[in-house]
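# Sequence first, predicted coordinates after that:
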There are 2 protein chains.
Amino acid sequence: MRKFVYSFNEGSRDMRNLLGGKGANLAEMTQIGLPVPFGFTVTTEACNRYYHEECKIAEDIIDQIFEKLSELENVTGKVFGDVSNPLLVSVRSGSVFSMPGMMDTILNLGLNDETTAGLAKLTENERFAYDSYRRFIQMFGDVVLEIPKSKFEDILNEKNQEKNGKYDVDLATEDLKEIISSYKELVRNEIGRDFTQNPKEQLMEAIMAVFRSWNNERAILYRQLNNISSDLGTAVNVQSMVFGNMGDNSGTGVAFTRDPINGQHGIFGEFLINAQGEEVVSGIRTPQPISEMAEAFPDVYKEFLRIAQLLEKHFTDMQNIEFTVEKNKLFLLQSRNAKRTAEAAVKIAVDMELEGLIDKKTAVTRLEPTQITQLLHPKFEEEDLIKAVKLAKGLPASPGAVTGKIYFNARDAETAAINGEKVILTRIETSPEDLAGMVAAEGILTARGGMTSHAAVVARGMGRCCIVGCSEIIVDEEQKTLIIGNIVLTEGQYISLDGTSGIVYKGHVKTVAPELSGNFGTIMKWADEIRTLKVRTNADNLQEAKLALDFGAEGIGLCRTERMFLVESKISLIRKMILTDNEDKIREALLQLLPYQKKEFKSIYEVMRDKPVTIRLLDLSFDEFLPDTTDEIEQLAKQMNVPCNDLIKRIEELRESNPMLGYRGCRLAVTYPDIAAMQTEAIILAAIELKKENNLDIVPEIMVPMVGLAKEFTFIKKIVVDTIDRCFKKENITLNYTVGTMIEVPRAALTADEIAKEAEFFSFGTNDLTQLTFGFSRPDSVKVIQEYRDKLIFEDNPFETIDKNGVGKLVNMAVELGKSVRPNIRLGICGEQGGDPRTVEFCHAAGLNYVSCSPYRVPIARLAAAQAAIAEM
Amino acid sequence: MRKFVYSFNEGSRDMRNLLGGKGANLAEMTQIGLPVPFGFTVTTEACNRYYHEECKIAEDIIDQIFEKLSELENVTGKVFGDVSNPLLVSVRSGSVFSMPGMMDTILNLGLNDETTAGLAKLTENERFAYDSYRRFIQMFGDVVLEIPKSKFEDILNEKNQEKNGKYDVDLATEDLKEIISSYKELVRNEIGRDFTQNPKEQLMEAIMAVFRSWNNERAILYRQLNNISSDLGTAVNVQSMVFGNMGDNSGTGVAFTRDPINGQHGIFGEFLINAQGEEVVSGIRTPQPISEMAEAFPDVYKEFLRIAQLLEKHFTDMQNIEFTVEKNKLFLLQSRNAKRTAEAAVKIAVDMELEGLIDKKTAVTRLEPTQITQLLHPKFEEEDLIKAVKLAKGLPASPGAVTGKIYFNARDAETAAINGEKVILTRIETSPEDLAGMVAAEGILTARGGMTSHAAVVARGMGRCCIVGCSEIIVDEEQKTLIIGNIVLTEGQYISLDGTSGIVYKGHVKTVAPELSGNFGTIMKWADEIRTLKVRTNADNLQEAKLALDFGAEGIGLCRTERMFLVESKISLIRKMILTDNEDKIREALLQLLPYQKKEFKSIYEVMRDKPVTIRLLDLSFDEFLPDTTDEIEQLAKQMNVPCNDLIKRIEELRESNPMLGYRGCRLAVTYPDIAAMQTEAIILAAIELKKENNLDIVPEIMVPMVGLAKEFTFIKKIVVDTIDRCFKKENITLNYTVGTMIEVPRAALTADEIAKEAEFFSFGTNDLTQLTFGFSRPDSVKVIQEYRDKLIFEDNPFETIDKNGVGKLVNMAVELGKSVRPNIRLGICGEQGGDPRTVEFCHAAGLNYVSCSPYRVPIARLAAAQAAIAEM
């Protein structure tokens, strides 16, 4: 019979897929003899069976659960539902990948009217017993019975107010009993039956609630954001309770074995005396720094430090440890690899390699490629910063420097972001319901909560700038105002956040590019040694080329020449060209553009020197050239000396119903070969001049866009080659160069063998390739894609990460077909996805030579390429 | 050494690829002992070498030519360039596929000043000798030296006028000598050297001119139109001359072994006494019916009838024979399978099967599928015809009934056709230069020429309605007028042509659908017995469904439901729905549409009965729904009771920059599942009602459009299935049905295995698939495609015939992937290409179950499917 339930002493850390991360680590810790309250884990397979079997738990699984429950009773010497010595358990979710705040937890399960009375007698602490019962009913009511949490809180608050108390701890036992009575009445009214007094029923309901929570909206959104498959399922951990709330010799805390913000050595964390775990995480009470434990629980603290060290060594990574002290005895509730900022990740990876704990390859895998964006994030411009007005200071929960408009709830923030605004989500504190708003925001500011509060943990994970616990500010979510002293800010006003210092500034503060620190340089050097995939950049001008070189780009994979055409001063030349039929006028216009383009290319070559530069010939549609406004048309008609109405008629003729599928890219070059010839001339003459002036050997790579047919490419290649031959003859010099093509039309991928006969390189234009493979125009599909993600039709946005099954299949086909004809064909990608780590991994596997991405993404791609190479080993 | 030249007694009809059609047939006729003037053929391989070797003829080929020339001298007893007994030859092109009028011919080659004098002496006919020389210089000057023909004609006409002669035959020998002298002067002035007197030089230049003519514009256009590969090359036939212009005991003619218009038995053709071949073909002189030869050359005629019979039996097909009578001796210059009208083709195929000459399969291959469109062509509506004014009567050269605007030259005709006008090309006579205009026209009318004139032959080949030799009309191509008696018609005025009777009507005469004749029915029955591919139709309403059934459709492959939505009375409902956010209003609008759609479906089911009907769910984009004009918007705002500006804003929000790639097809159904549900309900309820009322077992096939992802399909399939289950429950009945998808997005083809898990059938929507695979929007790409065809980038228009290498590859992939998951998946095609014979052949080879096309194309598809099956055997 298949095993669906494992005791903690039956598992190990290698069983993550089956036991979830938490279950596997609890088992591992149990196996190495650490003080873990005993328990068992119901596997992820059981969860999947639950979903496949119409949301019921099968009999054989129930039997196994109760078998392990008996074992737990034996080990603890307590009995479930026994009045004299009741066994209480926690029930927690635990999926393969950590999903903080996404899954639900129930504590103190096993309590009922009778066992509570028994517990009171046993512990000689009636208040503790009833407080535990009160908490249990509330949690169970919320998570399992799905009664709005606020209804429990209303009852609790009412009692607090009645007693003028600030915290629950101020309530007396009698108050708690009254609250319990009200809670039970609430449950009866809400679900139509009594709160169950049967602990086994409680347990089964709780386990099912954990299973259900795998598919709650927040969990789904989190998985989407983090690309976690929804097929994995969650395990359920049932663990005997220990109590941090048994008085002042008890407590609970969370700690990191290094500083998660900057990676410094030394224990880092927070604890609360006389409390249960969720009070630390939720940010309701502000906890004490962990170092103060040395005073409160000196022996326990010493033991804790020893164990923390041991755990880091055992798991060879920085640990995030949850613990409870029950009557001066330490218990470990969880240990897992800790989340950290990019800066910390870099330092810890480099440090651990120096400490001999891990090797270079492992160090390189310890950074999430997307996370390092944080390190590349702009900082505030010094000058602007000096003038900026400081509003307040909070806890620096996630670094970065951002500026944006304040919005007071997730929905408003999302809407504003969709409208293109930069948003700062401003909340009293955040909860999982705010996730979508946090995703949409540039930065997050909360009035309450500590460094391990929801806002802080989630923001760090996403690389969002975040300041929490900013107690100087008053956030009125209803009135949508942010008050600091006598300053009142309303929705839509600018503030700026420095997530590294925790300072909030008034208004819009300018930002500048960051410097790349020493540790970062070290790890990127290691990555470069490992990776085989080259990383180029998309750069259209000197500035971008320079920036990308700073970020380690090894060439330009895409230089778009159309931007040079769309400059105000040049566009009227092009318009005249397109709107006339006179060939002489076309040539005249092009002759005026030639020196301008040549100069641009020359400046780019000069800075790239021996690094390759791929220049794409004009890729614009008629539509982008055509004048829009009446003013523009009238002016142009005057310049062209034609009647305005004639011009309007001609423009209407050229307008297209679907410009993306119209007269664009190389199709224009077929009609206006002179454009391609002029651009080729500029590309080659710039290289010739640098050869003559500076003896620089530039090897231009000329790229034809939107090719769908081999004959199309051949047609344009002939123009290019003829033009170059003419230049060589005239200048009495020859240079090396190559002519290749974008693969961005599905047909080009399908017939790549035909095209490769003539094309010396392929560069996959995955933006257009994705548009055409899906039949989605990117600008028009924003709403469709959102709708599809909401309805779980899309797991990822295919414009952000390559669609492996569809677009990826075309890429693989093109690679295979291309190589069959030209084994050494140079292959690259230059869509925006080129900087996405999963796309980089795909490109590595597909056997491309390079990826090309925007300058800021170059380091991400370098790291992702190294990780792909390591994964392959 | 490779053989590049074959004497006529060395070849056979199986050597078409090497010798061309004409050369192979001349060889075959020689081999079976028919009176063919001896000669030799330079192979198509020699032509290809000419093009590969920089347009030079290699030494080894030249040697072989002169070797065969010696042989020819031996056989004929004449010597090339010999004054006393000169050998004269014709040089003709002959490609693998017949390309009438496309290639150039030179007669009388071998004449120079001296041999002409010799010929005069030998034949004792000085006039004949100098007339031949005159003709030779003119032809050679035109074809080889590329001197404008008109310059020669000017000289000739001048002399004719001087002599008040109407025809060249009226010119005396002295006149001819003067003309020759003027011709030679013209040549000297034009090419800067004398007309060559060296016969061998003449021969080599003529051979090269034939090679060159393979790539002249007309030849290229003809190949494009007829899908002939440009790699085939042409052979050159060098044949000793016989003379039809040696006096009244000589003549020349063209004959068919059956009537090419209606297929009746009996010789059919024309001849001219004392003339050379091109005078018959060019239509300059109107020839006599061939039956009159019985009087002019009784013995020759008897012999000719015997040989004609023999040739038809030998080649097992109706022959088109060119012959010359030289001094009462018959010579065959050519025999080939004759072009014929569709009506004739059908009758001849059926007759020959009955005669035991061919079997049924061969009979089925004897019809060009596209040609049978002629039989399906409309005829004039009787009532309208009675009222119509007869203008004139000409020769009924190609059947059909058309109405259109008159244009007087090819260019104007083309332009008008591009602008969407129906065009009648009206010319004095046509020449190969008019080909593009003939292609663009609905019908062709000429004032001169016989049934075998250029206009007649070409029009029949293309299935264009054509009337020739309409001597009552005066066509003034300069003034662009058509004068009949006192009626003057100008450019752009309507006339109507009856190509079956030869009558020209004034104005616009309405046309009606044809009846299908008995022979046609017979051959279609044979085709149906042979083919394995089913043929369905695209039909959106009862009328189309009925028409398609008459044409033999076996089901509906595509019923587009959006037309039902776009009806004036319904569109405002949809607009309200899309422009509101109120779900109740959406449902209200849909409830109003439901009975209307149900009724439409019911009427279609009723006529199709047990034949399958595929109904496609709504495939429209937002753009198509949105109101355009200010009036429409104002009216709608009033109806919806919202401010006009709000409505305009909402419309602007919904406008898309590329609607083809936007919110359309099943994407709309994801957002508005109620639309899919309503349509499903209409589809199922209509079937249920027919089951209950008439006990008809309808099996609806519900098709989801624009699917790109398996999850998209699953999402909509669930709506469909849930709706159907609801209907079944409510109506207490169940029916069979299937749910499938269009494959029209490249990604659907690439991931067809994923989709086939849920989809029960695939229907390839090759219109959209072509658009997306190429990145071409069909409406926007008309100009691009024309440009590409002009520049030889496109051989075919991919929207007319499937692009096998690109789109076809996707289809093949989808078939393979789909079958890997669902071996019995039903596969069809429903793009417009479904009725294109080459596409049908592709679909047969790809293993599809059916093609679906517009009603008029159903018979074409049936025939093409049979031919594909035969070709496979």
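Cool, got the structure.
# Ranking helices and strands of chain A by mean pLDDT, which lands last?
helix A:278-282 (a mean of 64; mean pLDDT, DSSP states H and E).
# host element of residue A:180?
Using DSSP states H and E, residue A:180 maps to helix A:173-191.
# Would you map the helices across the stretch 401-550 of chain A?
In the stretch 401-550 of chain A, the helices defined using DSSP state H, counting those that start in this stretch lie at A:410-418, A:435-440, A:454-462, A:518-530, A:542-550.
# The ones you listed: which one's closest to residue A:290?
helix A:454-462 (15.7 Å; Cβ to Cβ). Yep, even glycine has a C-beta here, placed from its N, CA and C like the rest.
# Can I get the closest one as CSV, trimmed to CA atoms?
Only the C-alpha atoms of helix A:454-462 are listed here, as CSV (Å, rounded to 0.1, in the frame of the first residue of the first chain):
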residue,chain,number,x,y,z
HIS,A,454,4.2,40.5,5.6
ALA,A,455,5.0,43.7,3.7
ALA,A,456,8.8,43.3,4.3
VAL,A,457,9.0,39.6,3.4
VAL,A,458,7.0,39.9,0.3
ALA,A,459,8.6,43.1,-0.9
ARG,A,460,12.1,41.7,-0.5
GLY,A,461,11.1,38.6,-2.4
MET,A,462,9.9,40.7,-5.3
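# Now do it: distance to the chain's middle.
11 Å (Cα atoms, centre = their mean, to the nearest Å).
# quick check: mean pLDDT across that helix?
Averaging pLDDT along helix A:454-462 yields 74.
# Who are the packing partners of it?
If contacts are counted by 3 or more Cβ pairs under 8 Å, 6 or more residues apart in numbering or on different chains; DSSP states H and E, helix A:454-462 sits against strand A:395-398, helix A:435-440, strand A:443-446, strand A:465-468.
# For the helix or strand where residue A:309 lies, could you pull out the residues that count as buried?
Using DSSP H and E, residue A:309 maps to helix A:298-315. Buried residues in helix A:298-315, counting neighbours by 16 or more other Cβ atoms under 10 Å in any protein chain shown, are found at A:300-301, A:304-305, A:307-308, A:310-312, A:314-315.
# can you point me to the longest helix in chain A?
helix A:583-608 (DSSP state H).
# For residue A:185, give its distance to residue A:178.
Per Cβ to Cβ, to the nearest Å, residue A:185 is found 11 Å from residue A:178.
# Of those two, give the one with the bigger neighbour count.
residue A:178 (17 against 13; other Cβ atoms under 10 Å in any protein chain shown).
# Which of the helices or strands spans residue A:828?
Assessed by DSSP H and E, residue A:828 sits inside strand A:826-829.
# List the buried residues for stretch A:220-235?
A:220-225, A:228, A:232-235.
# Now the buried residues of helix A:298-315 in TSV, please, with extra columns for distance to chain B and pLDDT.
Output for the buried residues of helix A:298-315, formatted as TSV (distance: Cβ to the nearest Cβ, whole Å; pLDDT from 0 to 100):
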residue	distance to chain B	pLDDT
A:300	52	95
A:301	52	95
A:304	48	96
A:305	50	96
A:307	46	96
A:308	45	96
A:310	46	96
A:311	41	96
A:312	42	95
A:314	42	95
A:315	37	94
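# Tell me who's in contact with residue A:817.
A:749, A:751-753, A:756 (Cβ atoms under 8 Å, 6 or more residues apart in numbering or on different chains).
# Three-state assignment for it, please.
Following DSSP: H, G, I helix; E, B strand; the rest coil, we place residue A:817 in the helix state.
# With residue A:260 instead?
coil.
# what about it, how many neighbours?
Neighbours around residue A:260, by other Cβ under 10 Å: 25.
# Chain B versus residue A:407, what's the distance?
Per Cβ to the nearest Cβ, to the nearest Å, residue A:407 is found 21 Å from chain B.
# List the beta-bridge partners for that residue.
residue A:425 (DSSP bridges).
# Would you agree residue A:332 is in contact with residue A:29?
Yes. Counting by Cβ atoms under 8 Å, residue A:29 is a contact partner of residue A:332 at 5.9 Å.
# Quick check: neighbours shared by these two?
Going by Cβ under 8 Å, 6+ apart, residues that sit against residue A:332 and also against residue A:29 are residue A:36.
# rewinding a little: and the helix or strand just after the helix holding residue A:309, what does it pack onto?
Per DSSP H and E, helix A:298-315 leads on to strand A:319-326 as the next helix or strand towards the C-terminus. Applying 3+ Cβ pairs under 8 Å, 6+ apart, one finds that strand A:319-326 makes contact with strand A:251-258, helix A:298-315, strand A:329-337.
# tilt between strand A:319-326 and strand A:329-337?
Interaxial angle, strand A:319-326 versus strand A:329-337 (axes from the mean of the first three to the mean of the last three Cα atoms, to 10 degrees): 160 degrees.
# pLDDT (mean, whole number) over strand A:319-326?
Strand A:319-326 comes out at a mean pLDDT of 94.
# Residues contacting that strand, please?
Contacts of strand A:319-326 (Cβ under 8 Å, 6+ apart): A:242-244, A:246, A:249-257, A:260, A:269, A:276-277, A:297, A:300, A:304, A:307-308, A:311-312, A:330-339.
# What subset of these is buried?
Listed as buried from the contacts of strand A:319-326 are A:242-244, A:246, A:250-257, A:260, A:269, A:276-277, A:297, A:300, A:304, A:307-308, A:311-312, A:330-339; burial here means 16+ other Cβ under 10 Å.
# per-residue pLDDT, residue A:223?
81.
# Can you tell me which of the helices and strands packed on helix A:454-462 is most buried?
Compared across those, strand A:465-468 shows the largest average neighbour count, a mean of 30 (mean count of other Cβ atoms under 10 Å in any protein chain shown).
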